[in-house]
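1. 3D model of this:
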Amino acid sequence: EYLQDKCEPPVYVSDRRFTKCVTFLQVAAFANGAKEVSEYDCLLLQFVLGQRAEDGDKVLDYVLDNISSDPAILQNELALIGLFGRSLRVLASAGSSDGGASSGRDDLIAELSELKENLLSSKNRFESDLHGGFPK
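-> Here you go, the predicted model:
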C-alpha cells in the first residue's frame, strides 16, 4: 500500500507478484537454514518488486526504514542515554564521602550488565538472521 500510495511515481505490485514474493522469501529463508522469514530476508524484495529499475531503490528504502524502526532498537538507545546520565551522577558523587555513591555504582553496574545481555541477544539474533551476510 505504501509503495502504491506514497511513492512518486507509484510502485505497482500485483496480487500475483505479491504471492510469488511471499513464496520467494520463504524459499530464501529455508535456503539460509531458517524455519521462518525474518525482516532481513525482506531486503531481497528490492530485486523482485516493481516494474522499473528505480523501483528497487524505493523498495529498499521502505524495508530499511521499517527495520530501523524496530522498538527494541529505540528501547536500547533510550536505556543507553539514561545510563550515561546516571553514570555521570555517580561519578560526580564519587568525590564525596557519602556511602550512597557505592550503592549507586553497584546498581549501575547491575543495570549495565543487563543491558549488555540484551544487546548481545539482539546481536546474536541479527547474526543468525544474516548468517550468509547481507544480500549483494
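2. so residue 79 sits against residue 116, correct?
-> No. Residue 79 is beyond contact range of residue 116, at 10.7 Å (criterion: CB atoms under 8 Å). Where you see a C-beta, it was placed from the backbone N, CA and C, and this is true even at glycine.
3. between those two, which has more neighbouring residues?
-> Taking other CB atoms under 10 Å, residue 79 and residue 116 do not tie; residue 79 has more neighbours (16 against 10).
4. what about residue 62, how many neighbours?
-> 19.
5. what's the biggest helix in the chain, counting residues?
-> helix 100-129 (DSSP state H).
6. ok, residue 28 - contacts?
-> 37, 41, 44 (CB atoms under 8 Å, 6 or more residues apart in numbering).
7. among the residues you listed, which one has the most neighbours?
-> Going by other CB under 10 Å, residue 41 tops those with 21 neighbours.
8. related to what we said a few turns ago, check which residues of the longest helix of the chain are buried.
-> 101, 104, 105, 108, 115 (16 or more other CB atoms under 10 Å).
9. of those residues, which is the nearest to residue 24?
-> Nearest to residue 24 out of the buried residues of helix 100-129 is residue 115 (CB to CB; 37.0 Å).
10. that closest one reaches residue 78, doesn't it?
-> No. In this structure, residue 115 is not within contact of residue 78 by CB under 8 Å, at 10.8 Å.
11. distance between stretch 82-89 and the chain's centre?
-> Averaging C-alpha positions (CA atoms, centre = their mean, to the nearest Å) puts stretch 82-89 25 Å from its chain's average.
12. same thing with stretch 82-91?
-> 26 Å.
13. contacts for that stretch next, please.
-> 101, 104, 105, 108, 111, 112, 115.
14. what about 10 Å?
-> For stretch 82-91, the external contacting residues (CB atoms under 10 Å, 6 or more residues apart in numbering) are 100-109, 111-112, 115.
15. need those residues in a markdown table with distance to residue 48, can you?
-> Shown next, in a markdown table, are those (distance: CB to CB, whole Å):
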| residue | distance to residue 48 |
| --- | --- |
| 100 | 59 |
| 101 | 58 |
| 102 | 58 |
| 103 | 57 |
| 104 | 54 |
| 105 | 53 |
| 106 | 53 |
| 107 | 50 |
| 108 | 48 |
| 109 | 48 |
| 111 | 44 |
| 112 | 43 |
| 115 | 38 |
